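> I need the structure of the sequence given here:
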Amino acid sequence: MSDKNVNTNIQKESSDSETQKPPLRGWGGFTSRFVPINIENIDTDQIIPARFLKATTKEDFGKNLFRDWRYYNDDESKTKADFPLNMSQFDGEILVAGKNFGCGSSREHAAWAILDYGFRVVVSSFFADIFKNNALNNGVLPVQVTDEFLQRIFLQDNNTELTVDLEKQTITINSTGEWERFEISSYKKTCLLNGYDDIDYLLSIKEDIEQFEIQRV
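Purely as a prediction, here's the structure:
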């Protein structure tokens, strides 16, 4: 395959890809209040129930995030007052959840729903592998912390902010100064810092690809 064909295909796919959220970068990291859901083993069917999986685009999934936990009998006029997403005191772009978040089926729609609702970061002490990859592929950062640190977050009041510094790979409880490091692959870190999807990343190394192709001739 010629260099011209390679580059043309990449550009075409990139133009067709869906717009990514703004990159997770900036001086001092990403700071927000958080919404706590102190429940373990939250599976993808609870995140986005199966009856909403017929759509093939990512739009409007957020309104059905945790649908069965937010409403009685699937009726939007009958909200469950004690569920955190329905409580006015909780707000922010960070979701903090119990251990083993995203278990169950491999549906990518779970990551779509979380992002479309407005969460940029999910914090837990363990993530199911497939959910974690789906989240990263869709611009949502899964931050895995220790069980002890997670409980420290849950003890904070609703005005507390967390700072997630992706560059340094740290998460900090701003009110106490406590912090931990988290792990992320260097490739996905680059994508999130720059707001890239996979095609954007290829375009960012376009010159390297062209040089590699030339060297193969």
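
> avg pLDDT for the biggest strand by length in the chain?
Secondary structure of the chain per DSSP state E: the longest strand is strand 30-37. Across strand 30-37, the average pLDDT comes to 96.

> where along this structure do the helices fall?
For the chain, helices defined by DSSP state H occupy the ranges 3-16, 44-47, 67-70, 109-117, 129-137, 147-154, 186-194, 198-204, 206-216.

> name the residues of stretch 168-180 that are buried.
Neighbour-count burial for stretch 168-180, counted by 16 or more other C-beta atoms under 10 Å, picks out 171-173, 179-180. For glycine as for every other residue, the C-beta is placed from the backbone atoms N, C-alpha and C.

> state the distance from the residue nearest the centre of the chain to A81.
Geometric centre of the chain, nearest residue: V140, 1.8 Å, by C-alpha atoms, centre = their mean. Using C-beta to C-beta, to the nearest Å, V140 is found at 27 Å from A81.

> K168 now?
Per C-beta to C-beta, K168 is found 39 Å from A81.

> just how off-centre is stretch 196-206 within its chain?
With C-alpha atoms, centre = their mean, to the nearest Å as the basis, stretch 196-206 stands 19 Å off its chain's centre.

> mind listing what D198 touches?
Going by C-beta atoms under 8 Å, 6 or more residues apart in numbering, D198 touches 137, 191.

> what packs against the longest strand of the chain?
Contacts defined by 3 or more C-beta pairs under 8 Å, 6 or more residues apart in numbering; DSSP states H and E place strand 30-37 against strand 94-97, strand 121-124, helix 147-154, strand 161-165.

> what do you get if the cut-off is 6 Å, keeping everything else the same?
Where contact means 3 or more C-beta pairs under 6 Å, 6 or more residues apart in numbering; DSSP states H and E, strand 30-37 is packed against strand 94-97, strand 161-165.

> what is the end-to-end distance of stretch 138-149?
Stretch 138-149 has an end-to-end distance of 26 Å (C-alpha to C-alpha, to the nearest Å).

> what's the average pLDDT for it?
Averaging pLDDT along stretch 138-149 gives 96.

> repeat that for stretch 202-209.
Computed over stretch 202-209, the average pLDDT equals 88.

> do stretch 74-93 as well
So the average pLDDT for stretch 74-93 ends up being 95.

> endpoint to endpoint, that stretch covers what distance?
End-to-end distance for stretch 74-93, by C-alpha to C-alpha: 25 Å.

> ok, residues contacting it?
Stretch 74-93 is contacted by residues 32-37, 69-72, 118-120, 158 when judged by C-beta atoms under 6 Å, 6 or more residues apart in numbering.

> which of the residues you listed are buried?
With burial judged by 16+ other C-beta under 10 Å, the buried subset of those is 32-37, 69-71, 119-120.

> farthest pair within the residues you listed?
Spatial extent of the buried ones among the contacts of stretch 74-93 (C-beta to C-beta) is set by the pair S32 and Y71 at 25.3 Å.
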